[in-house]
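Student: task: produce atomic coordinates for the following.
(chains A and B)
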Protein chains: 2
Amino acid sequence: MKFGGTSLADMERIRHSARHIKREVDAGHQVAVVVSAMAGTTNQLVKWCEEASPMHDAREYDAVVSTGEQVSAGLLAIILQGMDISARSFSGWQVPIKTSDVHGAARIEDIDASDLNIRLNENQVCVVTGFQGISPNNRVTTLGRGGSDTSAVALAAAVKADRCDIYTDVDGVYTADPRIAPKAQRLERISFEEMLEMASLGAKVLQTRSVELAMAHGVRLAVRSSFADPDGPQSDSKNTNFGVPGTLVCDEDEIVEKQIVSGVTLVKAEAKITIRSVKDKPGVAAAVFGALAKEQIVVDMIVQNISDDGRQTDITFTVPDSEYDKAMAAVSNNEGRFEYESIKGAKGSAKISVIGVGMRSHAGVASSMFNALAEKGINIQLITTSEIKTSVLIEEEYAELAVRALHTYYGLDKKEG
Amino acid sequence: MKFGGTSLADMERIRHSARHIKREVDAGHQVAVVVSAMAGTTNQLVKWCEEASPMHDAREYDAVVSTGEQVSAGLLAIILQGMDISARSFSGWQVPIKTSDVHGAARIEDIDASDLNIRLNENQVCVVTGFQGISPNNRVTTLGRGGSDTSAVALAAAVKADRCDIYTDVDGVYTADPRIAPKAQRLERISFEEMLEMASLGAKVLQTRSVELAMAHGVRLAVRSSFADPDGPQSDSKNTNFGVPGTLVCDEDEIVEKQIVSGVTLVKAEAKITIRSVKDKPGVAAAVFGALAKEQIVVDMIVQNISDDGRQTDITFTVPDSEYDKAMAAVSNNEGRFEYESIKGAKGSAKISVIGVGMRSHAGVASSMFNALAEKGINIQLITTSEIKTSVLIEEEYAELAVRALHTYYGLDKKEG
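Tutor: Purely as a prediction, here's the structure:
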């Protein structure tokens, strides 16, 4: 069970999360818990480090910032004990969770779960600090962004957990953002591959890295709400095949009825840049995107057509609106590393994607998507596809309309109202 | 160098303390630093533990409360690095500082200083978290009251430091409290034994336990001000034989000109209780003070006279005024474990002590003290003495007058003004 910062924001919220743990313990499960820092704590610690020195040593930064989870783990253990549950806290170094020595962005390399396993077998709840570990030099490391989700998945793999429940402020993964598509519904199950596309395409429920790790180790993830009543009904009609409310992220094989499309995602504020009549020769794409990488600009979509005459081609790519000016400058002043006729671009596009493992075996998803958009008079600017995803770039003002249209078109709307 | 919480209260104060360290580094010294938590942090962490459960597990309490020093150690290391000083932080478990497993009040059992010594020899400043260590079970422990002073002394002994400088909010140990005796002056040197009497008699500069440890290991302590200008004059006329401003706490042998009296201390709000005509037989004192110990009442002075007839005697003791009612009840309702004629007592006394190793070789200190008080018309209620200390109990309203009178009488007043 993993609880994030908002689920541990104050004593009342920690107590509420503890009741979720008690429910699982009472049901006879062995439980390991991974915690983030209390909401706000990490920001305060980061701020102090920055005040101490803008160029702070990452090792000292890690020593300071990692204390947040030590506090929440200790407090949660105390509260569990107060509920007559045998519990103790573990710091990353106590487990130990061994990581690389890339401070501030360390990778988990190995977890020695022998001590944890002994205690789990004694039905003791092990509360482990997320987001951190210990380097080969015996120094505390932090894992970087989304680190606690990754800690939870790695720990679940190490103790061979039946499931890794990620408790968060939403009650599952939805077919679309309910604020945009009011008829969006919670998915009962979603495959790792789909979740990865969802995660990287704008659904902020799980960190990409934790999903990759879960897929690699076959750890079944459940996205569940920590805000729900811990003692409320524990299954509802929508979740009978999975047993608890939430969304199960699992292997494709575990999903019997595969939807062609599982979800529709949206990323707004995309800018497109087209380089016309680039000389079509080996190395030209590398030169273009090398110029952008040098400026640390992350490129999203890339489209290059086969050229008519085999001598020149057009390259189009997208970047966040905020990076548009920097990206234009980077490709324009390329110091003669590639030749082109003209560069043009514009801000204000939106990327809409439909995602589903069913696409693999169903032809025509892309064309039906284009039809659905054409019906609403929405012009498509760019198209990219992968095995289980089709993305289009459209004018931003049509974004919400497009999401709702596709959501309905692929039969994802809730049946009732 | 040890810095307490008020010397690390915010970023500005940490920076100020760092300048004291830089001065020592620039002078060519190898420096290990022991830090407390930033002022206020520990209280917040303790409060959270109490909110989590009034009956919290001491092991989890230690896990939570020990994070305060980890934060201040990391921030100080970052600030030192920003001043181009090679530095790194160490948690208690990283050193490691091995302690007993009495959580919340652990005792340091061993410090493996091999890693520290390597780094000190490389002229790296080692910033070590005070107040904590690691138990044989690999769990974080805290040392209890005044723990950081004790950590500093133990570490100084382990690395064989030339001196252990305790930076605090006063600039040394004084012959009396300057708020009471304006002519009080800073002592240049004071012996461990005298300091122990001072510490336990109301001068709150150093924790008793750290002085005991320093005496046992022959660690020379210096009490210095962290609030002073780090780059101000580093020695003054009063401190030529010691080299830096402050007070050196050292072995008696290092003090050439021994004062008969080094200081006058005061403890107010003492209550006295007299049990009259207790049957004088073995075990009666044990019965009286056992009844008080059972109620966790700490008794200060104890006086029992030889009885006239060998059959009964009077026992008088003092407790803090706040414990008076509890103490009266404890000795009155003693369930017949000792017999007495009457019990009487009163609040509102003050204990005045004169302290000095010179008393060992000078007869008549006690009687001269009584004379000095008699000259001012101050009546003495009780007298106790030890090898280097004479204490009297007087009426509280004469307390300040008595301190000033004795301070003058023993030649402790500043010459000027």
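Student: skipping its backbone neighbours, what lies nearest the residue of the stretch 101-250 of chain A found nearest chain B in space?
Tutor: As assessed by Cβ to the nearest Cβ, chain B sits closest to A:N138 within the stretch 101-250 of chain A, at 6.1 Å. All C-beta atoms are positioned from the backbone trio N, CA, C, and that covers glycine. Counting by Cβ to Cβ, 6 or more residues apart in numbering or on different chains, A:N138 lies nearest to B:Q94, which is 6.1 Å off, once chain neighbours are set aside.
Student: look up phi and psi at the residue of the stretch 101-250 of chain A closest to chain B.
Tutor: Main-chain dihedrals, A:N138, degrees, to the nearest 10: phi 70, psi 30.
Student: burial of it, as a residue count?
Tutor: Neighbours of A:N138 under the rule other Cβ atoms under 10 Å in any protein chain shown: 14.
Student: name the helices or strands packed onto whichever strand or helix holds A:R19?
Tutor: Assigned by DSSP states H and E, A:R19 belongs to helix A:11-26. Other elements packing on helix A:11-26 under the criterion 3 or more Cβ pairs under 8 Å, 6 or more residues apart in numbering or on different chains; DSSP states H and E are helix A:67-82, helix B:41-52.
Student: which residues touch stretch A:366-380?
Tutor: Stretch A:366-380 is contacted from outside by A:354, A:383, A:385, A:390, A:392-395, A:398, A:401-402, A:405-406, A:409, using Cβ atoms under 8 Å, 6 or more residues apart in numbering or on different chains.
Student: repeat that for 6 Å
Tutor: A:V354, A:T390, A:V392, A:I394, A:Y398, A:A402, A:A405, A:L406, A:Y409 (Cβ atoms under 6 Å, 6 or more residues apart in numbering or on different chains).
Student: what residues does the stretch 1-150 of chain A put near chain B?
Tutor: A:11, A:48, A:51-53, A:56-57, A:60, A:63-64, A:67, A:70-71, A:74-75, A:77-79, A:81-82, A:89 (Cβ under 6 Å from any Cβ of the partner chain).
Student: from the chain's centroid, how far away is stretch A:279-288?
Tutor: Relative to its chain's centre, stretch A:279-288 lies at 32 Å (Cα atoms, centre = their mean, to the nearest Å).
Student: same question for it, mean pLDDT?
Tutor: The average pLDDT within stretch A:279-288 is 81.
Student: again with stretch A:108-119
Tutor: 96.
Student: so who does the closest residue to chain B within the stretch 251-400 of chain A touch?
Tutor: The stretch 251-400 of chain A approaches chain B most closely through A:Q296 (24.6 Å), counting by Cβ to the nearest Cβ. Listed by Cβ under 6 Å, 6+ apart, A:Q296 has no contact partners.
Student: make a ChimeraX selection of the buried ones in the residues of the stretch 1-150 of chain A next to chain B.
Tutor: Of the residues of the stretch 1-150 of chain A next to chain B, the buried ones can be selected in ChimeraX as follows, counting by 16 or more other Cβ atoms under 10 Å in any protein chain shown:
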select /A:48,51,52,53,56,57,60,63,64,67,70,71,74,75,77,78,79,81,82,89
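Student: thinking again about what came up before, tell me the backbone dihedrals of the residue of the stretch 251-400 of chain A closest to chain B, please.
Tutor: phi 60, psi 30.
Student: how near is it to B:P136?
Tutor: Distance of A:Q296 to B:P136, computed by Cβ to Cβ, to the nearest Å: 49 Å.
Student: any chance you could map the helices in chain A?
Tutor: Applying DSSP state H to chain A gives helices spanning A:11-26, A:41-52, A:58-65, A:67-82, A:114-121, A:147-158, A:192-200, A:208-217, A:284-294, A:324-332, A:365-375, A:399-409.
Student: okay, the angle between the fifth one and helix A:147-158?
Tutor: Read it as helix A:114-121. For helix A:114-121 against helix A:147-158, the angle between stretch directions is 80 degrees (axes from the mean of the first three to the mean of the last three Cα atoms, to 10 degrees).
Student: buried ones in helix A:114-121?
Tutor: Across helix A:114-121, burial judged by 16+ other Cβ under 10 Å covers A:L116, A:N117, A:R119, A:L120.
Student: related to what we said a few turns ago, mean pLDDT lowest for which of the helices and strands packed on helix A:11-26?
Tutor: The weakest mean pLDDT among those belongs to helix B:41-52, with a mean of 94.
Student: tell me the centre residue of chain A?
Tutor: Centroid-nearest residue in chain A: A:Q207, 2.7 Å away (criterion: Cα atoms, centre = their mean).
Student: can you list the domains in chain A?
Tutor: Chain A breaks down into these domains under automatic domain parsing: A:2-254, A:263-409.
Student: endpoints of the longest one, how far apart?
Tutor: If I follow you right, that is domain A:2-254. 23 Å (Cα to Cα, to the nearest Å).
Student: what does the last one give?
Tutor: End-to-end distance of domain A:263-409: 12 Å, with Cα to Cα as the criterion.
Student: so how far is A:S277 from the residue of chain A most remote from its centre?
Tutor: What lies farthest from the middle of chain A is A:D309; by Cα atoms, centre = their mean that is 41.9 Å. Distance from A:D309 to A:S277, counting by Cβ to Cβ: 11 Å.
Student: equivalent analysis for A:L187, please.
Tutor: If you go by Cβ to Cβ, the gap between A:L187 and A:S277 works out to 45 Å.
Student: what about these two, which has more around it?
Tutor: When A:L187 and A:S277 are compared for neighbours, A:L187 comes out ahead with 24 against 15, by other Cβ under 10 Å.
Student: can you pull out the low-pLDDT segments for the stretch 51-200 of chain A?
Tutor: Along the stretch 51-200 of chain A, the model assigns pLDDT under 70 to residues A:145-146, A:200.
Student: go again using 90 as the cut-off
Tutor: Low-confidence segments of the stretch 51-200 of chain A (pLDDT under 90): A:54-55, A:144-147, A:169-171, A:188, A:197-200.
Student: try the stretch 301-417 of chain A
Tutor: The stretch 301-417 of chain A contains residues with pLDDT under 90 at A:303-314, A:332-341, A:357-368, A:385-388, A:414-417.
Student: now the strands for it?
Tutor: Assigned by DSSP state E, counting those that start in this stretch, the strands in the stretch 301-417 of chain A fall at A:302-304, A:312-320, A:342-355, A:380-386, A:389-395.
Student: nearest to B:R23, of those strands?
Tutor: Proximity to B:R23 (Cβ to Cβ) singles out strand A:312-320 among the strands of the stretch 301-417 of chain A, at 48.8 Å.
Student: who does that closest one pair up with?
Tutor: strand A:263-279 (antiparallel), strand A:302-304 (antiparallel) (DSSP bridges).
Student: out of those, which gets the lowest mean score?
Tutor: strand A:302-304 (a mean of 88).
Student: give me the buried positions along it.
Tutor: A:V303, A:Q304.
Student: what residues does that strand touch?
Tutor: With contacts defined as Cβ under 6 Å, 6+ apart, strand A:302-304 is touched by A:T313, A:I315, A:T316, A:F317, A:L382.
Student: one more: stretch A:166-173?
Tutor: Under Cβ under 6 Å, 6+ apart, the answer for stretch A:166-173 is A:2-4, A:6-7, A:186-187, A:190, A:205, A:223-226, A:246-247.
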